[in-house]
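Novice: Provided below for reference: sequence and predicted model.
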Amino acid sequence: MVQQTQQHVMKKQKQVVPHQSQQSSSVCALCRGTKLLCGRSRCPVVVKYHARAKVQPLINTIKLGGSSPPSVFIGRYGYPKVAIGPMIPPIMGDTSLIDAPEQWLDRSLDDIVDFRSMLIRGKYDVDVFDVESSNKIVEFTRELALSKNSIFTEAIFEKKPKGPIKFFDEAQPHGPSAPLKKFDISNPKYEQHIEKAFYDTDLKARDAVTRLYNDGLPVTKLQRAFSVGAFGVKKYRRFVPTRWSITAVDSALGENLMKQTKENPWINEFRVYYHTQYDNRWAVLMTPSEWQYELIEAWYPNTTWNPYGSSVSIFNSYEFYKGRTTYAEIGGCYYAARLAVNELLAKERRQAGAVILREAHGGYIMPIGVWNVRESVRRALQEPCQKFNTLDQALVFIAEKMDIPLQRWIRNSAVLKNQLYQKRLEDF
């Protein structure tokens, strides 16, 4: 199933982000981060500038040494020829926080930009099937990905690292990059559960990921190891672009938990969980019904995926009991949130329908990765929920928490329409 998910992600068309118009360019030149003429609460250009200004003096060289969290990045452009390599901050000590999204939710956007901008990416071109290459850069990149703790890493680049801080809708941001000439690491200590799966070349990738997740390993550690071809039957192992590995692992784990969810008794009430983070509002509605799931995202003007719009843009992806057969239109966020929902239902040994409503307001000035969706929904589901006897009561409560009118949510929702208007046997 993991391989099938990879194929879905590989076939996914590139998201089209509107080009900045001449008018918006002139607005930036006129504003210069002081008047906030674009309507955002903070200027993303200024945030990026300050983050880059802090790290630039430390990387003005072709030789870089530091403690990698550990962290690696596998590119996707040119697939099946891709750029792999380490991500190294120009600092020493325990840097594990820099690549541990599970610990970021209480950090500000500025904090995340600051410490992620320190990760300098080394790039070395390989074929995705060359995971067993004797090349030292390939070998050390894999070992770094399997390391348990921060590890001293040294790189010599072909030229000085440069480029803007890169922000992605699925992967975490990182700083400047440069082609690798030489790369070395100190003796790594593997995470023992991952090491065992790595040496089991008859264990399927899906089974390895599920087993390690059940052993309590963080999802992001599994995604990193998966990206360097550490799991699976030997002849099928390959490098997987970081973006694709994130979604592949979220999807595989979510589907495994869903199998349990669908066998459990329904919850007894309508529930609403609510959480706010990074100027995002999250409302999670759970209904006493068979499994069905939907993620609806509403992006306000001047936010990441609606930068030049004049009105709120709403997108959704959904599935009913039989699941989906195509990749979710909304992207990796869909699978990250689905995993979080099924974690709670598996813990309670219950089944429910779930609709997640997300409002991204103006304070969410830049993308920071799919982890934000997974961890925000997890956090919402950890907080006390409001319980109701009817769907109407639950929806009234949601209407009080969210800015967008209830009727617009319903109009853009497949699952809510099904819940509200589809007649069932128990209705007669």
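Specialist: Thanks, I have the structure now.
Novice: hey, let's count contacts and neighbours off CA atoms from now on
Specialist: Fine.
Novice: Which strands or helices does whichever strand or helix holds residue 374 pack on?
Specialist: Per DSSP states H and E: residue 374 is located in helix 371-382. Judged by 3 or more CA pairs under 8 Å, 6 or more residues apart in numbering; DSSP states H and E, helix 371-382 is in contact with strand 270-277, strand 280-287, helix 332-348.
Novice: Each with direction, which strands does the following helix or strand past the longest one pair with?
Specialist: Along the chain past helix 332-348, the next helix or strand (assigned with DSSP H and E) turns out to be strand 353-360. Using DSSP bridges, the strands paired with strand 353-360 are strand 280-287 (antiparallel), strand 292-299 (parallel).
Novice: Mind pulling up the pLDDT for residue 428?
Specialist: pLDDT, residue 428: 44.
Novice: how about low-confidence regions in the stretch 301-428 of the chain?
Specialist: For the stretch 301-428 of the chain, residues meeting the criterion pLDDT under 70 lie at 423-428.
Novice: Got the confidence number for residue 9?
Specialist: The model's pLDDT for residue 9 equals 44.
Novice: where's the closest residue to residue 222 other than its chain neighbours relative to residue 229, distance?
Specialist: Spatial nearest neighbour of residue 222, excluding adjacent residues (CA to CA, 6 or more residues apart in numbering): residue 209 at 6.6 Å. Counting by CA to CA, to the nearest Å, the gap from residue 209 to residue 229 is 12 Å.
Novice: For residue 90, which of the strands paired with strand 353-360 is the nearest?
Specialist: Among the strands paired with strand 353-360, the nearest to residue 90 by CA to CA is strand 280-287 (32.2 Å).
Novice: ok, and what's touching that closest one?
Specialist: Contacts with strand 280-287, where a contact means CA atoms under 8 Å, 6 or more residues apart in numbering, come from 267, 269-276, 352-361, 364, 376-377, 380-381, 391, 394, 398, 402.
Novice: Mean confidence (pLDDT) on it, please.
Specialist: 98.
Novice: and the angle from that strand to helix 332-348?
Specialist: 50 degrees (axes from the mean of the first three to the mean of the last three CA atoms, to 10 degrees).
Novice: could I get strand 280-287 in CSV with only the CA atoms?
Specialist: Extracted in CSV, the C-alpha atoms of strand 280-287 (Å, rounded to 0.1, in the frame of the first residue of the first chain):
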residue,chain,number,x,y,z
ASN,A,280,-5.7,28.8,12.2
ARG,A,281,-9.0,27.7,13.7
TRP,A,282,-9.7,24.0,13.8
ALA,A,283,-13.1,22.4,14.5
VAL,A,284,-13.4,18.6,14.4
LEU,A,285,-16.9,17.3,14.3
MET,A,286,-17.5,13.6,15.1
THR,A,287,-20.8,11.9,14.5
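Novice: chain center to it: distance?
Specialist: On the basis of CA atoms, centre = their mean, to the nearest Å, strand 280-287 sits 18 Å off its chain's mean C-alpha point.
Novice: Stretch 267-280 too?
Specialist: 20 Å.
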